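[1] What follows is a predicted protein model with its sequence.
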Amino acid sequence: MLEEVHVAGLASIDEAWIEFSPGMTVLTGETGAGKTALLGALKLLVGERADSGMVREGAAEALVEGRFVVDGREIVARRRVAADGRSRCVIDGQMATVGALAESLGHHVDLHGQHEHQSLLRVARHAGYLDRAAGPDTLRTRDEYREAREAYLAAVREYETLEAQVAETLKAASYLRFVADEIDAVDPADGEDDELAARLPGLMHADRLSAACATAREALRGEEGASDSLSAAYAALQRVSGLDPALDTHTDRLGALIAECDDLGLELMRYADGIEHDPAVLDAVQSRRAALAGLMKKYGPTLVEVRAARDDALTRLAMLDEGEGGLAQSRERVSQTREGLEAAAMALAAARAAHVPVFTEKLAASVAELNMAGARFAVGMEDRPFESWGPDGPQRIEFLFAPARGDTPRPLARIASGGELSRVMLALKGVLGDADDVPVLVFDEVDAGIGGATALAVGSRLARLAANHQVLVVTHLAQVAAFADHHLVVRKEESDDRTVTRVEPVTGDARIAEIARMLSGEDGKTSRAHAEELLGQAREVRGVA
């Protein structure tokens, strides 16, 4: 709901504060009083384009401020338009763009009477209007369609993600198989490289090592070798054993040396016996070490990491097999959810088609009450390709209108007359009722080209519309103004050699005087009587005491 508007420096308006109330409010006044400027102020508040021509002559800028209550939350918007045409926006004290202003408030205000900022001219919204007008069963069918569409889109996203993963793995599959096969061909064992490194010196220097062992062994245990000399020394000391305890210690040490010499000789013999002198074995060890070194260079630097690379390659190859199986399952889910979506789409299209005759008949009756008896409506329902199905269904829904019998229904946006368009919108709004969720409706030129009983019908329709919306009407017709819950008069006044616009609420006798002026151009006795009669007639139609 629009609660309050402050306007300064805009067109003929020096400064004005306007408070608005629920229900139907009319703005009346002489031609040129400034009603158009007030509509311009509302357009600025909902994010429409601004230009320097809006700025009052002599003012540095035009300022429009508005206070709205949307879904229980208060929103304060401010729009400044400088004399050079630059525009600045503030929403709840925070700087904002014009786009943000339109997003925040544009969906909550409909301006009717011009070909701009009218939600009913946006074809994208027609499906929603039709569904809400059709009632809860159709809305449930639409919700089921949306759920089916989300399930299908989720299945498609899952399939595409899995497909990308499988494709990526497929690209690497040949390499992964090469890695696993290359490592398996060598089949390295943990620690094998260290074992081969320990064997290699013995194989490379077998002859030299054998010769050294033979020489050392001969020196230890050969004739006149170290063992014999030690044994002779030991025998000499043994003959004086027990004579001096100090010498006995050396005798014991000498005995230990003989034993160590004999043991070392045996170890050298065993070592020499174990030396491999086969060049083929040396070649095999060197080749094996080279193979392991090649693997460690590519996948290492250790054999542990080489084996881990092999295990990872095999794991990823196994995942590829699983992924291909999962891809088939995912493809089946896409197929199933598509079937569900197509069934839901058919149900929604059928529900809409069933309601179209009722909908268009109501609209035709509604515009007939507004002096457009020959007008008729149609609903265009164009099937879209499956790939273009959106959240509102598988069809492009568009309201079509023919102003006279014999005319071909055309899109609403092609209706040229502002007054005619306003009445069409009024009829649509009336039929849609609660289905139209725009809270603030502003009508201008709704009375163009009508009068008498038609004007009363328009006023009555606007009053009924105000039961579910806040309705603001700019009108020149007393028959329309009489139905208002609140009446604001826009007047031009001369002040300090300047013409300024004032906006004042009128009630009681002042309202009767304004209605009288609208009827005859003067506040005479006859006009007043007619005005009182008109107000009474409006109250009677509305059922207000």
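    Yep, that arrived.
[2] Could you pull up the residues touching Asp392?
    Residues near Asp392 by C-beta atoms under 8 Å, 6 or more residues apart in numbering: Ala124, Ala127, Gly128, Asp131, Arg142. (C-beta placed from N, C-alpha, C; glycine too.)
[3] Next: Asp383.
    Pro394, Gln395.
[4] What is the lengthiest helix in the chain packed up against?
    In the chain, ranked by residue count with DSSP state H as the criterion, the top helix is helix 303-368. Under the contact definition 3 or more C-beta pairs under 8 Å, 6 or more residues apart in numbering; DSSP states H and E, helix 303-368 sits against helix 126-134, helix 136-186, helix 279-299, strand 376-383, strand 395-402, helix 418-432.
[5] Swap in 6 Å and give it another go.
    helix 126-134, helix 136-186, helix 279-299, strand 376-383, helix 418-432 (3 or more C-beta pairs under 6 Å, 6 or more residues apart in numbering; DSSP states H and E).
[6] and the residue lying closest to Ala60 once chain neighbours are set aside, how many neighbours?
    Among residues not flanking Ala60 along the chain, Ala83 sits closest, at 6.0 Å (C-beta to C-beta, 6 or more residues apart in numbering). Residues near Ala83, counting by other C-beta atoms under 10 Å, number 17.
[7] quick one: contacts for Ala83?
    Contacts for Ala83 (C-beta atoms under 6 Å, 6 or more residues apart in numbering) come out as Ser52, Val55, Ala60.
[8] If we only consider those, which is nearest to Met1?
    Closest approach to Met1 among those (C-beta to C-beta): Val55, at 28.5 Å.
[9] now that closest one: how far from Val5?
    Distance of Val55 to Val5, given as C-beta to C-beta, to the nearest Å: 17 Å.
[10] before we move on, the earlier item: could you say which of the contacts of Asp392 is surrounded by the most neighbours?
    Among those, Asp131 has the most neighbours (other C-beta under 10 Å), with 26 neighbours.
[11] Report the contact partners of that residue.
    Asp131 touches Thr138, Leu139, Arg142, counting by C-beta under 6 Å, 6+ apart.
[12] ok so, going back, which of the contacts of Ala83 are buried?
    Buried by 16 or more other C-beta atoms under 10 Å: Val55, out of those.
[13] can you put the contacts of Ala83 in a markdown table and add secondary structure and pLDDT?
    Converted to a markdown table, the contacts of Ala83 look like this (DSSP: H, G, I helix; E, B strand; the rest coil; pLDDT from 0 to 100):
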| residue | secondary structure | pLDDT |
| --- | --- | --- |
| Ser52 | helix | 81 |
| Val55 | strand | 87 |
| Ala60 | coil | 88 |
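[14] Let me know the closest of the contacts of Ala83 to Leu534.
    Relative to Leu534, the closest of the contacts of Ala83 is Val55; by C-beta to C-beta it sits at 38.9 Å.
[15] After the lowest-mean-pLDDT helix or strand in the chain, which helix or strand is next?
    When the helices and strands of the chain are scored by mean pLDDT, DSSP states H and E, helix 418-432 comes last with a mean of 73. Sequence order places strand 440-444 as the next helix or strand after helix 418-432, per DSSP states H and E.
[16] what sits up against that following strand?
    Outside strand 440-444, the residues that reach it (C-beta under 6 Å, 6+ apart) are 2, 39, 108-113, 422, 469-474.
[17] picking up where we left off before, now the residue nearest to Ala60: how far from Val55?
    5 Å.
[18] mind giving me the domain split of this protein?
    Domain segmentation of the chain under automatic domain parsing yields 1-113+418-545, 168-319.
[19] quick one: low-confidence ranges for the stretch 1-150 of the chain?
    The model of the stretch 1-150 of the chain has pLDDT under 70 over residues 32-33, 112-120.
[20] quick one, strands of the stretch 1-150 of the chain?
    With DSSP state E, counting those that start in this stretch as the criterion, the stretch 1-150 of the chain has strands at 2-10, 13-19, 24-28, 61-70, 73-82, 87-91, 94-96, 109-112.
[21] Quickly run through the sheet partners of the shortest one, with directions.
    Paired strands of strand 94-96, with direction, are strand 87-91 (antiparallel) (DSSP bridges).
[22] Now the partner strand: buried residues?
    Ser87, Arg88, Cys89, Ile91.
[23] could I get those as TSV with distance to Val490?
    Below are those laid out as TSV (distance: C-beta to C-beta, whole Å):
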residue	distance to Val490
Ser87	25
Arg88	27
Cys89	26
Ile91	27
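[24] Can you pull out the low-pLDDT segments for the stretch 351-500 of the chain?
    Using pLDDT under 70, the stretch 351-500 of the chain drops low at 415-420, 422, 433-436, 445, 448-449, 495-500.
[25] and with 90 instead?
    The model of the stretch 351-500 of the chain has pLDDT under 90 over residues 362-377, 401-469, 474-476, 490-500.
[26] Count the neighbours of the residue nearest to Arg289 when sequence neighbours are not counted for me.
    Excluding its sequence neighbours, the residue lying closest to Arg289 (C-beta to C-beta, 6+ apart) is Leu196, at 5.0 Å. Counted by other C-beta under 10 Å, the residues lying close to Leu196 total 17.
[27] ok and whichever strand or helix holds Leu196 relative to helix 303-368, angle-wise?
    Following DSSP H and E, one finds Leu196 within helix 192-204. Using axes from the mean of the first three to the mean of the last three C-alpha atoms, to 10 degrees, one finds that helix 192-204 and helix 303-368 are set 150 degrees apart in direction.
[28] Pull out the buried residues from stretch 360-368.
    Residues Thr360, Lys362, Leu363, Ala364, Ser366, Val367 are the ones in stretch 360-368 that count as buried (16+ other C-beta under 10 Å).
[29] what residues are up against the fifth one?
    Applying C-beta under 6 Å, 6+ apart, we find Ser366 in contact with Ala427, Gly430, Val431.
[30] Done for today, thanks.
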